[in-house]
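**Student:** Output the structure for:
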Amino acid sequence: MASAPCARVSAWEAIVSAYDFSAQRLFVRDDLAPDVELAPSAEASNYLLNVLRMREGAAIHLFNGRDGEFHATLANVSRRSARLRVGERLRAQTERADLDYCFAPLKQARLDYMAQKATEMGAGRLLPVMTRRTQVRRLNAGRLESNVIEAAEQCGVLAVPEVAAAVELSEFLARWPARRLLVFCDERAALANPLDALEGRTAGEGVSVLIGPEGGFDDAERAAIAGLPNVARLSLGPRVLRADTAAVAALAIVQAAIGDWRSRTAAV
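**Tutor:** A predicted model of the protein is given here:
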């Protein structure tokens, strides 16, 4: 059963609304609306019944990244399966932020961490970018998406980030939209307050944050990136950061300076 279009609200309005962030949450791919009954996937059923040990009538919050978040209860519970009865809508859907996190893929455990933290930090899209020094050339897109969904479930995120297909750096640069802000985290940038580098910048046409691989960008790549229009070149401090740590640092700076960490008045 398809759900009716729902009103969308700002992330700020969703966050300030009363909400129980301790509740168990489950991402589903089905359309959501009051009075719908769903059959969770085998994986979801195992999680609900054997990991969380939920029983008949137990409550859970459902979301799908499209329709908002709904209260639901377990019904028709057996040893291996259950149904989910959808109740009232708890939160209206929020839009994905126009904030891309663009990164050179890492080895698996650190890539998992990076995907989770980028989701928590409010990225709207994760875009793998292949550079000359990129360590990992083959990505498990399903695992990357699973980490994004898990982070969204655990952190109250409604707008699940998109996981985009990997692109070569040359293609990324060739397709760059001139009005979009590119926050270029450059390990060779002069040490300076990164907030100053974003002074006067706005997120009106969207923002992309670009982090390089272990070993950094080579000289030709660095020059090509710096030559794009509307680039803010940032230093991330006097210490060498691992790429997954740099993700958290860079996204925190962007959210604090021009993103949704500011007050509602400042963000308008």
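
**Student:** how about low-confidence regions in this protein?
**Tutor:** Scanning the chain for pLDDT under 70 picks out 1-19, 263-268.

**Student:** so Met54 touches Leu48, yeah?
**Tutor:** Yes: using C-beta atoms under 8 Å, Met54 is in contact with Leu48, at 4.9 Å. For glycine as for every other residue, the C-beta is placed from the backbone atoms N, C-alpha and C.

**Student:** in the stretch 151-268 of the chain, which spans are helices?
**Tutor:** Ranges of helices in the stretch 151-268 of the chain, per DSSP state H, counting those that start in this stretch, are 169-174, 194-197, 219-226, 243-258, 264-267.

**Student:** who's in contact with Leu62?
**Tutor:** By C-beta atoms under 8 Å, 6 or more residues apart in numbering, the contact list for Leu62 reads Arg25, Leu26, Phe27, Val28, Leu32, Leu38, Glu69, Phe70, His71, Ala72, Leu84, Val86.

**Student:** do that again at 6 Å, thanks
**Tutor:** Leu26, Val28, Leu32, Phe70, Ala72 (C-beta atoms under 6 Å, 6 or more residues apart in numbering).

**Student:** quick one, domains of the protein?
**Tutor:** Using automatic domain parsing, the domain parsing of the chain gives 8-94, 99-262.

**Student:** Need the winner for burial among these.
**Tutor:** domain 99-262 (a mean of 18; mean count of other C-beta atoms under 10 Å).

**Student:** Specify the local secondary structure of the residue nearest to Asn147 when sequence neighbours are not counted.
**Tutor:** Spatially, and ignoring its direct neighbours in sequence, Asn147 is nearest to Ala115 (4.1 Å; C-beta to C-beta, 6 or more residues apart in numbering). On the three-state scheme (DSSP: H, G, I helix; E, B strand; the rest coil), Ala115 is labelled helix.

**Student:** follow-up on the earlier one: ok, which of the helices of the stretch 151-268 of the chain comes nearest Val209?
**Tutor:** helix 243-258 (5.1 Å; C-beta to C-beta).

**Student:** so what does that closest one touch, helix or strand wise?
**Tutor:** Applying 3 or more C-beta pairs under 6 Å, 6 or more residues apart in numbering; DSSP states H and E, we find helix 243-258 packed against helix 108-120, strand 181-185, strand 207-211.

**Student:** Could you list the alpha-carbon positions for that helix in CSV?
**Tutor:** Extracted in CSV, the C-alpha atoms of helix 243-258 (Å, rounded to 0.1, in the frame of the first residue of the first chain):
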residue,chain,number,x,y,z
ALA,A,243,41.5,10.1,6.9
ASP,A,244,38.6,8.7,9.0
THR,A,245,39.5,11.2,11.8
ALA,A,246,39.7,14.0,9.2
ALA,A,247,36.2,13.2,8.1
VAL,A,248,34.8,14.0,11.6
ALA,A,249,37.0,17.1,12.0
ALA,A,250,36.1,18.6,8.6
LEU,A,251,32.4,17.9,8.8
ALA,A,252,32.3,19.4,12.3
ILE,A,253,34.0,22.6,11.0
VAL,A,254,31.5,22.9,8.1
GLN,A,255,28.4,22.3,10.3
ALA,A,256,29.6,24.8,12.9
ALA,A,257,30.5,27.5,10.3
ILE,A,258,27.9,27.3,7.6
